[in-house]
Every structure is written in structure tokens, then in C-alpha cells.
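Engineer: let's see this in three dimensions:
(2 chains)
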Amino acid sequence: MKLIVAEYKDVPSLYHAAEAFRDKGYTHFETYSPFPIHGMDRAMGLKQSKLGWISICGGLIGCLSGISLQTWVATKAYALVISGKPLASFPAFIPVTFELSILFTAFATVFGMFALNKLPEWYHVIFNHSRFHLVTSHGFFISVEDKDPKYDESTISALFKQTGGETIEVVTDEN
Amino acid sequence: METEHKLTGYLTTRVPKLLFGLSAFFGIITLFGLKTDAHHAYASYLVAFIFFLGISLSGLFFVIIQHLTRGGWGVLVRRVPEHFMNNIMLMAILFIPILLGMNHLYHWLDPHAAHDHLLQLKAPYLNKPFFIARSVVYFAIWIVSARFFFRNSVQQDYLGGEMNTDKMQKRSAIAILLFALSYTFASFDWIMSLEPHWFSTIFGIYVFANSTLALLCVTILMYLLFRKLGFLKEIVTIEHYHDLGKLAYGFIIFWAYIAFSQYFLIWYANIPEETMWYMPRLANGWGVVAFILVIGHFVAPLFAFMSRHVKRNLLTNGIFAATILVLCLLDVYYVIMPTVSKTFHISVWDISAVLFIGCLYFGVFFIQAGKYSLIPSKDPYIGESINLDNA
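Structural biologist: Take a look at the predicted model:
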């Protein structure tokens, strides 16, 4: 994996640089900032996250587990008559079913988010950039990966310079 | 800026006249019903009254909660709920027929209720003078709060500055407290006491959840109507419809949560004095209504309107709001009507009462809306609402 990385001074320059890369048709580029920037997903041209679909799958699995577990317990495993009600009394199952739906939705959302972000990730090539440690305090960076079909170091560094990028470095696993 | 965003044209002139004409027509039918079939028609009138009162009260709630939380997103969509809230004075006048017909509605007022042991025990609360006194207090609270928030909001349209916002934010805390208590007790008095033996402490919240959903739907529809006629086209954007839709979606779930909470405990305990409210509501055709409410008021919209794309499409958002609004009315009907009619059948009075109050309500609304700017144009937080973005 090979990246070309540039540092930017502030939020507006990072934001406009992201827009420039989006408009030039780059797809495998990433922005880094110490804090979330509103509208950055749009500036980068990111698509709607798939996380919602993962959440609803989790929710439906939770819902089905809740209903089937209780139905099995109440009618087969421990078939006890409680307060004269039928064995499979669905109103009684709703609170647990509801809670399990919520719980599984939360799990699916949190762990789905981890998976989509490829977390946890202890090492990344970009750590080899000489100034990247500043990203947790006041550094703003853009990287373009060599997977990008339009990857070309000279045109990218020209675009970096044009949009205000500094300390342009090509980083690989070796250095 | 104010002159640009004013409701003009036939919505403020011919439409209110037409609505008042229709209202007079249906008013005569309703009056005929009240004279000939008092038992049923007063309940029909109560359904319509509670439904539109709920829209006004939830309008008040929406406005208070915006100030209480210092909300920025809703500034541009606050004026319509403010006008609904201001209609509380109309609802106070429309309460008079209920006072006149209370003997037909509330059977704890019957002389032979004196032989009913439970009603005797409840008499210190459920008696005519105290009932009327409480009703007066509720309306006093609502009118004073609604006038206060409305006056300050429209005053700010020409004064500008933060003085009015400061005042409203300061008063919003006490206003929400008074609102919650008065709404709960009004629901107990005017709806729950139709079946004076029965009680449910969550009942006020149930009525409130339904009416707030109705308010959000009617607000969405009103802004869609304005948009269709060319008002606020660039101002109230897809982001505002999306946010109102999200809030309405939340209230769909909230309504179901509260409705189930009430049903669940009564079903589990299975005590006759509590189940007596649900038994007639699950038989003789009312069971079908209950089923329609469960599916149409909760399950179907839960899945159909979960997606952001559905909420961000003005057509589907409007269909959603219109459908839910009808189901909110059905919910009020379902809560009130089984008391007087053991089988489910919609009578002429049911329809005429809703149209009588509805036409009057929206007629007054359009006239009032034409008098003021359509947006609180000098609210200090208006920038947040203009730049609203759901990402």
C-alpha cells in the first residue's frame, strides 16, 4: 500500500481541497482532522452509509429471537400456566421482544460501524508521514491511495500544491 | 423581509369565507343532531372538539419545547404551530356546547348516580361545580400561555433583538409544567370520566401522544399547502420537512409505547374494574377499529416511513402526514365513542361535528395566518434554521 499525503493549515483549506479531489474524480482519498467537520462527507462525495441496513437487520434478528425464545420457553421448555392465561400469550412477550430488538439494533449499529471503519486498526501506512502525529491536535491531512485509478504522484502533488497542501510525502510500509 | 413572507391571495380571503360557510352548514346539521339524538351527537361533538383542541394544545407544546430547549432548527416552522396554539380561544368558545350538554355526556351527573357507591366516593372530585371550575382553570392556563408566547413571537417580528426570546425562554419552564398537569387533568375530566368507574394514570399522556402526532402531521400538510401555492418555497426546505417527519415518526412510536403500556398492565392484571374499558372496545366492530389502529397508527408507518428517502420526498412525506392525521382522528373516536355506541358505525353527526369544528378552525387559522409574517423573521436563532442540514 502506498499513499501520497499532504498537510493543510486549517478546516477551510482541507474542505476545499476535498472538494477539488472529488471534482477531479478521485475515489480512494481520505481526509484526517482532529475533530469532525460538518459537511465533509458531502465535500468528499461520500455515498450514504450502509450502516442503517446493518442496524435494521440486527433489529429484526433481535425481534425474532425475542419472540421465538419466549414462545419456546413458554410453550415447550417450561409450559406453566400463569394467571390463567394461554401458554403463548403474545402481549406478555412484547416487552422482552422490544428490549431485544433495541439491544440487537444497538449491537449491530456499534459493531457494524466498527466493521465499516475497519476498526480496530493498530497500524496504518499513513503513520509513516513525518508530521502525521499532529492530527490529534492541530493537523489536517489528505491522503490518496495508490488503488485509485487516477493515481499519479506528479498530478496529485500539483493538485496538493494548488489547493494549499504542504509537506507532501509519499509514504509506504518501508520507510 | 416581513412583507415578502406574508400569506396573501385567496387563502386569506375567499377560502376562509368558504370554510365559514361550510362550517355554518355543518353546524346546523350538528345542532339538529344535538336536539334530536343528544346521546350520540354530544359524543360526536366531543370527539371533534378533543381532536382540534389537541392540535391547539400540542401546538402550544411544540412552541414551549422549542423555547425550553433553545431549539434552532424549528424557527422557520414555528409560526404555523403558533397559529394553531392561538386558536385555543376559539376552542374555549366551542367548549360551551359541552358544558350545556354535560348531562348527556357524563353519567356521573345523573341523579341516580347517587346510588352508585364508587361514584359517591368519587363525588368530591366528580361533581358539577368543581368540574366547571377546573375547566375554567385549564382554559385560563392555556389561553394565558398561548397569548404570552404568541404575543412575544409576533412582537419580535418588528422589534427584533433578543428581549422576547429571553422572556419566552424564561417562562417556558413553568409553562411546560402547567401544560403537562392541565393536559393530564383535562383528559381525565373530559374523556376518562365518560366511564367514571374506570381509571388509568397514563391516560393523559396517551391523549397527548396522539394529539402531538396530529399537530406534526397537520403542520407538515400546512407547509406543503403553502409551498404548493408558492409561499416560503426557498425558506422551508426539504430539511425542515425531514425533521418534522422524524419527530412525527418518533411520536408514532411514542404513541404505540404509551398505548401498549396502558393495555398491557390492564391485560396482565385482568381485574374487571380495569378491563371494563377495553371489553366493549374489542367487540362489536370496535375490535376491527383497534386492529386498524395497531396496524395503521403504528406497524405500517413504522416500516413504511423508516427510510430517510421516504421522509425527504415531499409527496411520500405528505401522504404519510395525511394518513396519520386521519388515524389520529380515528384514535380519538375510538377512545370516546364506544361509551355511547356499543357497535361501531359512523353516524352523520360524527362527520358533521368534525367538519363543523374543522372548517371553523382552519377558517380562523387562515385569517390569522394572513395577518402576520409566515416566519418569525427576526428570531435570533433563525440562522440555525436556515442553515439546517440533516447531512
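Engineer: burial count for B:R14?
Structural biologist: Other residues within reach of B:R14 by the criterion other CB atoms under 10 Å in any protein chain shown amount to 11. Bear in mind the C-beta positions are built from the backbone N, C-alpha and C, glycine included.
Engineer: before we move on, what about the one 5 residues further on?
Structural biologist: Burial of B:L19 is recorded as 21 neighbouring residues (other CB under 10 Å).
Engineer: for it, give its distance to B:G363.
Structural biologist: Distance from B:L19 to B:G363, counting by CB to CB, to the nearest Å: 4 Å.
Engineer: what's the helix or strand for whatever residue of chain A ends up closest to chain B?
Structural biologist: Closest to chain B within chain A is A:P91: 5.2 Å, counting by CB to the nearest CB. Secondary structure assignment for A:P91, by DSSP states H and E: helix A:90-116.
Engineer: any idea how far A:I4 is from the residue nearest in space to the middle of chain A?
Structural biologist: Residue closest to the average C-alpha location in chain A (CA atoms, centre = their mean): A:N117, at 3.8 Å. Spatial separation of A:N117 from A:I4 under the definition CB to CB is 22 Å.
Engineer: the residue lying closest to A:V171 once chain neighbours are set aside and A:G58: what is the separation?
Structural biologist: Excluding the flanking residues, the one nearest A:V171 by CB to CB, 6 or more residues apart in numbering or on different chains is A:N128, at 4.2 Å. Going from A:N128 to A:G58 by CB to CB gives 37 Å.
Engineer: same question for B:H40.
Structural biologist: According to CB to CB, B:H40 stands 49 Å off from A:G58.
Engineer: what sits against the spatially closest residue to B:L119 that is not a sequence neighbour?
Structural biologist: Take B:L119 and drop its neighbours on the chain: the residue closest to it by CB to CB, 6+ apart is B:A113, 4.6 Å away. The neighbourhood of B:A113, defined by CB atoms under 8 Å, 6 or more residues apart in numbering or on different chains, consists of B:H107, B:L119, B:P196.
Engineer: and B:W198, that one's in a helix?
Structural biologist: No. Looking at B:W198 with DSSP: H, G, I helix; E, B strand; the rest coil, it is coil, so not inside a helix.
Engineer: got a list of what it touches?
Structural biologist: Each residue near B:W198 by CB under 8 Å, 6+ apart is listed here: B:M192, B:E273, B:E274, B:M276, B:W277.
Engineer: run the last query once more with 7 Å
Structural biologist: Under the criterion of CB atoms under 7 Å, 6 or more residues apart in numbering or on different chains, the contact list for B:W198 reads B:E274, B:M276, B:W277.
Engineer: am I right that the first one is in contact with B:I266?
Structural biologist: Yes. Here B:E274 lies in contact with B:I266, judged by CB atoms under 7 Å, at a distance of 4.5 Å.
Engineer: can I get the CA coordinates of stretch A:5-16 in PDB?
Structural biologist: In PDB, the C-alpha atoms belonging to stretch A:5-16 read as follows (Å, rounded to 0.1, in the frame of the first residue of the first chain):
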ATOM      1  CA  VAL A   5      -0.100  12.700   1.800                       C
ATOM      2  CA  ALA A   6      -0.300  16.400   2.200                       C
ATOM      3  CA  GLU A   7      -0.900  18.600   5.200                       C
ATOM      4  CA  TYR A   8      -3.300  21.500   5.300                       C
ATOM      5  CA  LYS A   9      -3.300  24.600   7.500                       C
ATOM      6  CA  ASP A  10      -7.000  24.800   8.500                       C
ATOM      7  CA  VAL A  11     -10.500  23.500   8.100                       C
ATOM      8  CA  PRO A  12     -11.500  25.600   5.000                       C
ATOM      9  CA  SER A  13      -8.400  24.700   3.000                       C
ATOM     10  CA  LEU A  14      -8.900  21.000   3.900                       C
ATOM     11  CA  TYR A  15     -12.600  21.200   3.000                       C
ATOM     12  CA  HIS A  16     -11.900  22.900  -0.400                       C
END
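Engineer: report whether it contacts chain B.
Structural biologist: No. Where contact is defined by CB under 7 Å from any CB of the partner chain, no part of stretch A:5-16 touches chain B; the two come within 14.1 Å at best.
Engineer: name the residues of that stretch that come out as buried.
Structural biologist: By neighbour count, with 16 or more other CB atoms under 10 Å in any protein chain shown as the criterion, the buried positions of stretch A:5-16 are A:V5, A:A6, A:E7, A:Y8, A:S13, A:L14, A:Y15.
Engineer: spell out which residues of the stretch 201-350 of chain B are next to chain A.
Structural biologist: Within the stretch 201-350 of chain B, the residues that sit near chain A (CB under 7 Å from any CB) are B:F260, B:F264, B:W267, B:Y268, B:N270.
Engineer: from the residues you listed, which land in helices?
Structural biologist: With helices defined by DSSP state H, the entries of these inside them are B:F260, B:F264, B:W267, B:Y268.
Engineer: give me the buried subset of the residues you listed.
Structural biologist: If you count burial by 16+ other CB under 10 Å, the buried members of those come out as B:F260, B:W267.
Engineer: using the record's assignment, carve chain A into domains.
Structural biologist: Dividing chain A into domains by automatic domain parsing, as the record does, gives the ranges A:2-47+A:118-172, A:51-116.
Engineer: right, and those domains - which one's nearest B:S58?
Structural biologist: domain A:51-116 (25.3 Å; CB to CB).
Engineer: endpoints of that closest one, how far apart?
Structural biologist: Using CA to CA, to the nearest Å, the gap from the first to the last residue of domain A:51-116 comes to 8 Å.
Engineer: over to stretch B:118-136?
Structural biologist: Where stretch B:118-136 begins and where it ends lie 26 Å apart, using CA to CA.
Engineer: okay, A:N128 and A:G58: which has more neighbours?
Structural biologist: A direct count of neighbours by other CB under 10 Å for A:N128 and A:G58 places A:G58 higher, at 22 against 17.
Engineer: pull the contacting residues for the more buried one.
Structural biologist: By CB under 7 Å, 6+ apart, the neighbours of A:G58 are A:F104, A:T105, A:F107, A:A108, A:T109.
Engineer: what's the PyMOL syntax to select whichever of these are buried?
Structural biologist: The buried residues among these can be selected in PyMOL (16+ other CB under 10 Å) with this line:
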select buried, chain A and resi 104+105+108+109
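Engineer: out of the contacts of A:G58, which touch chain B?
Structural biologist: Residues of these in contact with chain B (CB under 7 Å from any CB): none.
Engineer: want to throw the contacts of A:G58 into a markdown table with pLDDT?
Structural biologist: Listed next are the contacts of A:G58 as a markdown table, based on pLDDT from 0 to 100:
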| residue | pLDDT |
| --- | --- |
| A:F104 | 97 |
| A:T105 | 97 |
| A:F107 | 97 |
| A:A108 | 97 |
| A:T109 | 97 |
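Engineer: can you list the contacts of A:G58 in CSV and add distance to B:Y10?
Structural biologist: As requested, these are arranged in CSV below (distance: CB to CB, whole Å):
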residue, distance to B:Y10
A:F104, 53
A:T105, 48
A:F107, 55
A:A108, 52
A:T109, 49
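Engineer: what's the closest of the contacts of A:G58 to B:L215?
Structural biologist: Among the contacts of A:G58, A:T105 lies closest to B:L215 (CB to CB), at 28.0 Å.
Engineer: contact partners for that closest one?
Structural biologist: Counting by CB under 7 Å, 6+ apart, A:T105 touches A:S55, A:G58, A:G59, A:G62.
Engineer: go again using 8 Å as the cut-off
Structural biologist: Shown here is A:T105, whose contacts under the criterion CB under 8 Å, 6+ apart are A:S55, A:I56, A:G58, A:G59, A:G62.
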